[in-house]
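Asks: What follows is a protein structure lacking sequence information:
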């Protein structure tokens, strides 16, 4: 587990049972938000990005961090 997940600034179950959609989630603040929400127990996440390769890579990274969560990528 990376430091980003170990040092979440909120309870590990804050987002349990919740779903989110994050646009531009492959870099910057949006990527960090996706990581933190997954660390907070988010149940479902849809991310979008301009490039398919970056989106798929981020989706796979998030899935590895939270195998129980449903995480999907949509190209935009």
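Replies: Everything's here; your move. Just so it is clear, the structure is predicted and the values come from calculations on it, not from any experiment. Residues are numbered from 1 along each chain as shown.
Asks: Distance check, residue 43 against residue 33.
Replies: 16 Å (Cβ to Cβ, to the nearest Å). The C-beta positions use only the backbone N, C-alpha and C, and glycine is treated the same way.
Asks: Actually, residue 20.
Replies: Applying Cβ to Cβ, the value for residue 20 to residue 33 is 8 Å.
Asks: which neighbours do those two share?
Replies: Shared contacts of residue 20 and residue 33 (Cβ atoms under 8 Å, 6 or more residues apart in numbering): none.
Asks: show me where this protein has helices.
Replies: 3-6, 28-39, 52-65 (DSSP state H).
Asks: Of all those, which one is nearest residue 13?
Replies: Across these, residue 13 has its closest neighbour in helix 28-39 (10.4 Å, Cβ to Cβ).
Asks: Need the mean per-residue confidence for that closest one.
Replies: The pLDDT scores in helix 28-39 average 93.
Asks: Tell me the helices and strands packed up against it.
Replies: Judged by 3 or more Cβ pairs under 8 Å, 6 or more residues apart in numbering; DSSP states H and E, the packing partners of helix 28-39 are helix 3-6, strand 19-23, strand 44-49, helix 52-65.
Asks: got the buried residues for it?
Replies: 30-31, 34-39 (16 or more other Cβ atoms under 10 Å).
Asks: Redo the residues you listed as CSV? Include distance to residue 54.
Replies: Below are the buried residues of helix 28-39 laid out as CSV (distance: Cβ to Cβ, whole Å):
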residue, distance to residue 54
30, 12
31, 10
34, 12
35, 15
36, 19
37, 18
38, 17
39, 20
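Asks: Let me know the closest of these to residue 61.
Replies: For those, the nearest to residue 61 is residue 35 (8.5 Å; Cβ to Cβ).
Asks: All set now, cheers.
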